[in-house]
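Pasted the sequence and its predicted model underneath.
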Amino acid sequence: MKSIRVSRSCGASLIEVMLAVALTAVTALGLIASQLWIAREARAAALREHAVFVADAVAEASRVPTGGDAAVRQWSARAASLLPQGDASTSQHGGGVSFARVTWSAVAALRTPGEVIDKPESCGDLAVAAGLACVALAFVK
């Protein structure tokens, strides 16, 4: 005679499948979040790179004795086209030192505990309003 064995799993494999699906979902969400963070930081780095390029060009244009103001206006227009709400300017500081400054609208970074939220970021010799990012380049004429 043949004997038939009956296995009694009582849903143990179903719990294992549910745990595997939950672990896969959490892992996928973590990967998606890290990809979004990388994309956001890459965009911020690209904006900073454009701003530094414009600030360098403004500093070089300001050092030219003739036609410097027209070149600074052109680079300010270029900053407005390259950066969100971009603006380029120069300011005189004491001792012949000047600042080429580029500001643009930026997403606020996450704050660390204990950091003052309303404290403006320094940009050369001026404070920058909240929500703006800044690059300042000091130069001598």
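All right, it came through fine. Residues are numbered from 1 along each chain as shown.

need the next SSE after the worst-scoring helix or strand of the chain on mean pLDDT, C-terminal direction.
Lowest on mean pLDDT, DSSP states H and E among the helices and strands of the chain sits strand 121-123, with a mean of 67. Heading C-terminal from strand 121-123, the first helix or strand you meet, by DSSP states H and E, is strand 126-128.

Show me which residues of that following strand are buried.
Val128 (16 or more other CB atoms under 10 Å). No exception for glycine: its C-beta is placed from N, CA and C like everyone else's.

Give the other helices and strands that the helix of greatest length in the chain contacts.
Using DSSP state H to assign secondary structure, the helix with the most residues in the chain is helix 12-63. Secondary-structure packing of helix 12-63 (3 or more CB pairs under 8 Å, 6 or more residues apart in numbering; DSSP states H and E): helix 68-82, strand 87-92, strand 97-105, strand 132-140.

is it possible to export these to a markdown table including mean neighbour count and mean pLDDT?
A markdown table is the format used below for these (neighbours: other CB atoms under 10 Å; pLDDT from 0 to 100):
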| stretch | mean neighbour count | mean pLDDT |
| --- | --- | --- |
| helix 68-82 | 16 | 84 |
| strand 87-92 | 18 | 85 |
| strand 97-105 | 21 | 87 |
| strand 132-140 | 18 | 86 |
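
Throw these into TSV and include distance to Leu19, thanks.
Shown next, in TSV, are the helices and strands packed on helix 12-63 (distance: least, CB to CB, whole Å):
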stretch	distance to Leu19
helix 68-82	50
strand 87-92	54
strand 97-105	45
strand 132-140	44
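
So which of those is nearest Arg40?
Across the helices and strands packed on helix 12-63, Arg40 has its closest neighbour in strand 132-140 (13.4 Å, CB to CB).

Fine, thanks again, bye for now.
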